[in-house]
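Participant: only the shape, not the letters, is given here:
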Ligand code: AMP
C-alpha cells in the first residue's frame, strides 16, 4: 500500500520582511513529501520537472522513501517557477509571477506500481491533472485529500468544481474558502463547500490555526505561537503532508483521528516557517516532532471550571 502525492516540484523566488531569495527549491509536492515521509513510506510522487531540477533534491527525498517513477523529467524544459512577496503580517502574500513552463504540457500517466495507492494527496496543481490521477486509479483510494489555491479558482473554476466532487477532504485557507463559496462566514462557507463534494473541510488560518468541519461538527486547532516566522512558503503543503501522513500511518480516517492529524499538520507547518524554503524540513528529527506535539498539547490543555 502506498501514499501518492501529486503536485508541483518547482523553483521559487521569495521576498519576506526578513530577506529575499531568487531561486530556491519549492513546489507543493516537494513540501508534502518532506512532511509526510516523517510518518509514512513509501511516498509515490506524481509531478513534472524540467532538466534544470537538481538531482541532489531527488536524492535527498529518495533517502526519505520518496519514489519518482511518476515524475516526468522534460530534459529540454524548465521547471514550474513561482515568485511571491509576503506582507508585513506574513499571513498574506502576493503572487508576483507564476510561470507554468513544463506544467503546461503535463499529462501524467500513472505507473502500474502506483495502483496500490491507499492514500491520495492531491497537492496544489492544475485541477484537471488532479482529476486525471483519480480517474487512472482502478481502485478508489481509502482517502483522497485535495489542496488547491486561489490561482486555480481564477483560471480553472469549472475543472476545480468537477475535481471537488471526487474527493473526501478539501484543505484550503480562509480566503480561498470564502472565494470558493462566496460566503464570508466560514461556517456557511463550510456547508456550501461540503455540498460540492468533500465530506470534510479543513480551513487553514495561518498564525490563527485551523478549523476542521464535518457534517455539523467543528474542531478548532491553534497554531504554535512562534517567536520567529521567517518564511511561510510551503506551510500549507507541509500541513497537508503532516495531516495525510498521520492518517496513513494510523490507518484511521475517523473525525477524532483527523483532529490529531490537524495537530500533526500544524506541528509540521510550524517547523517549515522557521527557515527559507524546505531547509528546516530537512533538519528535523522524530524527537523534534514529538517535542512540538507535546507543546501543542500543553498549549490547549485546560480545566473546565464549574459555573
Ligand atoms: P503554500 O505556501 O503552502 O501555499 O505553497 C507554496 C508552494 O506552492 C511554492 O513552493 C510554489 O512553488 C507552489 N505554488 C505556487 N503557486 C502554485 C500553483 N498555482 N500551483 C501549484 N503550486 C504552486
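Facilitator: Sure, I can see it. Small disclaimer: the values here were computed from a predicted structure and weren't measured.
Participant: where along the stretch 101-250 of the chain do the strands fall?
Facilitator: Here the stretch 101-250 of the chain has its strands, by DSSP state E, counting those that start in this stretch, at 117-122, 143-147, 169-173, 200-204, 210-214, 217-221.
Participant: as TSV, those strands with mean neighbour count, mean pLDDT and distance to the ligand would be great.
Facilitator: (C-beta placed from N, C-alpha, C; glycine too.) Below are the strands of the stretch 101-250 of the chain laid out as TSV (neighbours: other Cβ atoms under 10 Å; pLDDT from 0 to 100; distance: least, Cβ to the nearest ligand atom, whole Å):
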stretch	mean neighbour count	mean pLDDT	distance to the ligand
strand 117-122	26	98	11
strand 143-147	26	98	8
strand 169-173	26	97	8
strand 200-204	25	97	9
strand 210-214	22	98	13
strand 217-221	15	96	17
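Participant: may I see those organised as CSV, with distance to residue 232 added?
Facilitator: Listed next are the strands of the stretch 101-250 of the chain as CSV, based on distance: least, Cβ to Cβ, whole Å:
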stretch, distance to residue 232
strand 117-122, 20
strand 143-147, 15
strand 169-173, 11
strand 200-204, 11
strand 210-214, 14
strand 217-221, 17
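Participant: centroid-nearest residue for this protein?
Facilitator: residue 237 (2.5 Å; Cα atoms, centre = their mean).
Participant: okay, now the unreliable bits of this structure?
Facilitator: Within the chain, the set of residues satisfying pLDDT under 70 is empty.
Participant: tell me, which helix in it spans the most residues?
Facilitator: helix 255-272 (DSSP state H).
Participant: relative to strand 169-173, how tilted is that one?
Facilitator: 40 degrees (axes from the mean of the first three to the mean of the last three Cα atoms, to 10 degrees).
Participant: remind me what helix 255-272 packs against, helices and strands.
Facilitator: Judged by 3 or more Cβ pairs under 8 Å, 6 or more residues apart in numbering; DSSP states H and E, the packing partners of helix 255-272 are helix 28-36, strand 200-204, strand 210-214, strand 217-221, helix 235-250, helix 279-283, helix 286-300.
Participant: highest mean neighbour count out of the ones you listed?
Facilitator: Comparing the helices and strands packed on helix 255-272 by mean neighbour count (mean count of other Cβ atoms under 10 Å), helix 28-36 ranks first with a mean of 31.
Participant: what parts of this structure come near the ligand?
Facilitator: Taking Cβ under 6 Å from any ligand atom as the criterion, the chain approaches the ligand at residues 8, 10, 12, 26-28, 82, 98, 124-125, 149, 151, 233-237.
Participant: buried ones among those residues?
Facilitator: Neighbour counting with 16 or more other Cβ atoms under 10 Å marks 8, 10, 12, 26-28, 82, 124-125, 149, 233-237 as buried within those.
Participant: is it fair to say residue 98 lies in a strand?
Facilitator: Yes: counting by DSSP: H, G, I helix; E, B strand; the rest coil, residue 98 falls inside a strand.
Participant: host element of the spatially closest residue to it that is not a sequence neighbour?
Facilitator: Distances taken as Cβ to Cβ, 6 or more residues apart in numbering put residue 82 closest to residue 98, at 5.5 Å, once the chain neighbours are dropped. For residue 82, the host element (DSSP states H and E) is strand 80-86.
Participant: coming back round to it: would you turn the helices and strands packed on helix 255-272 into JSON lines with distance to residue 2?
Facilitator: Below are those laid out as JSON lines (distance: least, Cβ to Cβ, whole Å):
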{"stretch": "helix 28-36", "distance to residue 2": "11"}
{"stretch": "strand 200-204", "distance to residue 2": "21"}
{"stretch": "strand 210-214", "distance to residue 2": "25"}
{"stretch": "strand 217-221", "distance to residue 2": "27"}
{"stretch": "helix 235-250", "distance to residue 2": "9"}
{"stretch": "helix 279-283", "distance to residue 2": "20"}
{"stretch": "helix 286-300", "distance to residue 2": "21"}
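Participant: who's in contact with residue 161?
Facilitator: Residues counted as contacts of residue 161 (Cβ atoms under 8 Å, 6 or more residues apart in numbering) are residue 196.
Participant: ok, it to residue 107 distance?
Facilitator: To residue 107, residue 161 is 21 Å away according to Cβ to Cβ, to the nearest Å.
Participant: list the buried residues for stretch 224-235?
Facilitator: The neighbour-count check on stretch 224-235 (16+ other Cβ under 10 Å) flags 224, 229-235 as buried.
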